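[1] Need coordinates for the following:
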Amino acid sequence: MAIIFSKVGIIGGGISGLAAAKQLSKHNPMVFEATDSIGGVWKHCTFRTTKLQTPRCDYQFSDYPWPQTDDNSSFPSYSEILDYLDSYAKHFDLFKFINFNSKVTEIKFVGDHETMAYQSLMSGKPMWEVAVYNTNSDTIQWYSFEFIVVCTGKYGDIPIIPKFPMKKGPEVFKGKVMHSQDYSKLNTQESTQLLKGKKVVVVGYKKSAIDLAVECAEANQDEEGKACTMVVRTLHWTVPHYSIWGLPFYIFYSTRFSQFFHQRPNQGIFRDLLCNLISPMRKTTSKIIESYLLWKLPLIKYGLKPEHPFEEDYASCQMAILPEKFFPEVEKGKINFKKTSNWWFSEGGVEFDDNTKLDADLVILATGYDGKKKLKDILPEPFKSFLQFPSGMLPLYRGTIHPLIPNMAFIGYVESVSNLHTSEIRCKWLANLVDDKFELPSTEKMLEQITTEMEIMKKSTRFYKRTCISTYSINHTDEICQEMGWNSWRKKSWLAEAFSPYNSRDYEHDI
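    Next up is the predicted model:
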C-alpha cells in the first residue's frame, strides 16, 4: 500500500487535537482519532456525574463562546462539554480533517539524521512516517508528514496499576477489581447495578475517586446499601466552589496583581529578591483560603486536612472541586475513609500496614494514567529516551516543542486553571511557528528556559512532577504572545490589567 503524504499530521481528537486542527486548518491537516468520536477524556474517561473543574466562562475557545445561559459561572456536565466540542467542530468544519477509528501504532523518523533540527514546512520534505491501524477495515496504512502534532494527552488509554508484592496483588482477591477507566465505559444502568449492594473500595482521593465515591453512595441509598470506603494515600485540598469568604476565587491567584507575588521564570535578580521578601503574603493568602475550607467543610472531623499548604496543591494543579453531594453523603455514613501509606489485596478485600483489614466485593482503582508511556509506545529511538528528565516532568519549550525532537509538537501536556485555554494559545503559537512568523531559539536557550521553569515548580510545590503553570500563567502567556509578535497586555485599562482575570477570550486575535 502506497504511503500517503501530507504536510501536517495530528494525533488525537480531544480538546487539544481540535484546537490544533482549527489553528492549522490552512494546511489541511490529517487528524487521527483512535475511537469513533471526538472529545478525548471527556468522552472516554468521565462518569455520569462528572462536571468541569472550571466555570464555563473560563473554559471556552477564544473564538467560540458558550451559548448564553443564566449562570455563566456554573460548572458544565461532561455531556454539555461534549455538545460544546461537537458544535465547535461543526462550526469550523473540522470533521473533514478527522479520521476516526484510526490508531497510530508506530512513528518513524525519515528526516536528516545529521542535523536533527526543526525545518520549515516550505521545504516539502517528509520528516516522519506514521503507521495508522484502521479498526474498521483491520488494515494498516502508512502516512508521511513534514510536521506532527501529538495531542494524545496525559490521561486515558494506559491506566496506572499499583504494584504489589508476590501473592498480595489482585490475583488473590475473590472479588472484582477494575480501573476507573473501565468504570467510565459503563452506562448509568450498568454502573448502578455494579455498585448497588456491594462493599466498594475506591483507591485514590483526586477528582475521579471523589466522583466515584459519590456515585457509589447514590447507588446504595436504601437500607441494604453498603458504604463506600476511599483508600487515601495523599490528602489534597478540595474546594466546594469558586468563592472564598464571599470573594471570587480568581482574585487570589488569577490576576496580574495576585500572580506578581509568585515566582516565575526569567524574573531577574531584583524580582527574585522581592518574591523572597513578600513570601509571607503568599503564605497569608494560602492560610486565608485554608481557614475558609476548614470552616466550610468538615475536613478535621474526618481527618481530611492535608499537612501541606493549599498553595502547593494550586501550584501543581491538584485542587479538586467537590461535588455538592460529597460531604452530605459522608455525613450520612455512605462514604468512609481509610488513610494509609501502604495496602495490598487479600482474599476477602484489602489489608493495610497498620494490620487492619477491609472487606470488599469491588475495588476500583482511581490511580491515574501513564501519559509518558503512551508517548514512548509510539515514538522511535532515540526520541523516546529524550522524554526522560531528572525532574520527572516532560521537557517542552513553551509547553509544546521538545528541543531535541525536530518537527514535532506536543499539545495538552501542560496544566493550568483552564487546560482548554492552555492548549489553544499554544496551538496559536504553533501555527505562527509553522508559518515561519518567528524562529525558535537555539537548542541551548530552549533547554535553559525549560530548566528554569522546572526549578520554579520545584520551589513552589512538593508535587512538582506535574507540569503546572497556574501561579504564573499570565506571565507564561505573555512570553508566548511576545514571540508571536502580539501585545501581551490585553485589557482596556490599567485597572483591568491589574485586577481582572484573564481567560481565552482575551486572546481571540492580535491587538
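
[2] Please enumerate the strands of the stretch 351-500 of the chain.
    357-359, 362-365, 408-410 (DSSP state E, counting those that start in this stretch).

[3] of those, which approaches residue 422 most closely?
    Comparison of the strands of the stretch 351-500 of the chain against residue 422 by CB to CB identifies strand 408-410 as nearest, at 12.5 Å. In short, each C-beta sits where N, CA and C put it, glycine included.

[4] Show me what the closest one is packed up against.
    If you count contacts as 3 or more CB pairs under 8 Å, 6 or more residues apart in numbering; DSSP states H and E, strand 408-410 packs onto strand 139-150.

[5] ok now whatever helix or strand comes next after the strand it packs on, how far from the chain's centre?
    Using DSSP states H and E, the helix or strand that follows strand 139-150 towards the C-terminus is strand 176-179. The chain centroid and the centroid of strand 176-179 are separated by 23 Å under CA atoms, centre = their mean, to the nearest Å.

[6] Buried residues in strand 176-179, which are they?
    177, 178, 179 (16 or more other CB atoms under 10 Å).

[7] Each with direction, which strands does it pair with?
    strand 362-365 (parallel) (DSSP bridges).

[8] What are the contacting residues of the partner strand?
    Identification of contacts with strand 362-365 by CB atoms under 8 Å, 6 or more residues apart in numbering yields 159, 161-162, 170, 173, 175-180, 183, 194-195, 198-204, 212, 345, 349-350.

[9] Need the buried ones from these selected in ChimeraX.
    Selecting only the buried entries of the contacts of strand 362-365 in ChimeraX, with 16+ other CB under 10 Å as the criterion:
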select :159,170,173,175,177,178,179,180,183,194,195,198,199,200,201,202,203,204,212,345,349,350
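
[10] ok, the closest residue to residue 235 other than its chain neighbours - contacts?
    Computed as CB to CB, 6 or more residues apart in numbering, the closest residue to residue 235 that is not its neighbour in sequence is residue 306, at 4.2 Å. By CB under 8 Å, 6+ apart, residue 306 lies in contact with 235, 236, 237, 313.

[11] rewinding a little: out of the strands of the stretch 351-500 of the chain, which is closest to residue 421?
    Here strand 408-410 is closest among the strands of the stretch 351-500 of the chain (CB to CB), at 17.0 Å.

[12] Hmm, residue 500 is touching residue 258, no?
    No - counting by CB atoms under 8 Å, residue 258 is not a contact partner of residue 500; they are 11.0 Å apart.

[13] my read: residue 61 touches residue 504, true?
    Yes - counting by CB under 8 Å, residue 504 is a contact partner of residue 61 at 6.3 Å.

[14] Quickly list what's touching both of these two.
    Common neighbours of residue 61 and residue 504 (CB under 8 Å, 6+ apart) are 420, 424.

[15] As CSV, the contacts of residue 306 with distance to residue 382 and secondary structure would be great.
    Listed next are the contacts of residue 306 as CSV, based on distance: CB to CB, whole Å; DSSP: H, G, I helix; E, B strand; the rest coil:
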residue, distance to residue 382, secondary structure
235, 40, coil
236, 36, coil
237, 40, coil
313, 36, helix
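
[16] related to what we said a few turns ago, turn the strands of the stretch 351-500 of the chain into a markdown table, including mean neighbour count, distance to residue 106 and mean pLDDT.
    A markdown table is the format used below for those (neighbours: other CB atoms under 10 Å; distance: least, CB to CB, whole Å; pLDDT from 0 to 100):
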| stretch | mean neighbour count | distance to residue 106 | mean pLDDT |
| --- | --- | --- | --- |
| strand 357-359 | 14 | 43 | 95 |
| strand 362-365 | 24 | 29 | 97 |
| strand 408-410 | 25 | 14 | 95 |
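
[17] closest to residue 29 out of those?
    strand 408-410 (11.7 Å).

[18] Return the helix or strand bottoming out on mean pLDDT in the chain as PDB; C-alpha atoms alone will do.
    Lowest on mean pLDDT, DSSP states H and E among the helices and strands of the chain sits helix 268-277, with a mean of 77. Only the C-alpha atoms of helix 268-277 are listed here, as PDB (Å, rounded to 0.1, in the frame of the first residue of the first chain):
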ATOM      1  CA  GLY A 268      15.600  38.800  37.300                       C
ATOM      2  CA  ILE A 269      17.600  39.300  40.500                       C
ATOM      3  CA  PHE A 270      15.600  42.200  41.800                       C
ATOM      4  CA  ARG A 271      12.200  40.500  41.400                       C
ATOM      5  CA  ASP A 272      13.700  37.300  42.800                       C
ATOM      6  CA  LEU A 273      14.700  39.200  46.000                       C
ATOM      7  CA  LEU A 274      11.200  40.900  46.100                       C
ATOM      8  CA  CYS A 275       9.500  37.500  45.900                       C
ATOM      9  CA  ASN A 276      11.500  36.300  48.800                       C
ATOM     10  CA  LEU A 277      10.700  39.400  50.800                       C
END
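
[19] What lies in contact with the helix or strand harbouring residue 182?
    Here residue 182 sits within helix 180-183, counting by DSSP H and E. Here helix 180-183 makes contact (CB under 8 Å, 6+ apart) with 44-45, 47, 156-157, 159, 191, 194, 204, 208-209, 212, 364-367, 369.

[20] same thing but at 7 Å, please
    45, 47, 156, 159, 191, 208, 212, 364, 365, 366 (CB atoms under 7 Å, 6 or more residues apart in numbering).

[21] Now the second one: closest residue in space that isn't a chain neighbour?
    In space, residue 47 comes closest to residue 211 once its chain neighbours are excluded; the distance is 5.2 Å by CB to CB, 6+ apart.

[22] got a pLDDT number for the one you found?
    Note on residue 211: pLDDT of 93.

[23] Does it touch residue 323 like I think?
    Yes - judged on CB atoms under 7 Å, residue 211 makes contact with residue 323 at a distance of 6.4 Å.

[24] shared neighbours, those two?
    Contacts common to residue 211 and residue 323, judged by CB under 7 Å, 6+ apart, are residue 49.

[25] Look at those two and report which has more neighbours.
    For residue 211 versus residue 323, neighbours defined as other CB atoms under 10 Å are more numerous around residue 211 (25 against 21).

[26] Which strands or helices does the helix or strand hosting the more buried one pack on?
    Secondary structure assignment for residue 211, by DSSP H and E: helix 207-218. With contacts taken as 3 or more CB pairs under 7 Å, 6 or more residues apart in numbering; DSSP states H and E, helix 207-218 sits against helix 180-183, helix 188-195, strand 200-203, strand 228-232, helix 326-331.

[27] Check which strands are paired with the third one and give the direction for each one.
    In its sheet, strand 200-203 lies beside strand 228-232 (parallel), strand 362-365 (parallel), with partners assigned from DSSP bridges.

[28] Redo those strands as CSV? Include distance to residue 79.
    Listed next are the strands paired with strand 200-203 as CSV, based on distance: least, CB to CB, whole Å:
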stretch, distance to residue 79
strand 228-232, 24
strand 362-365, 22
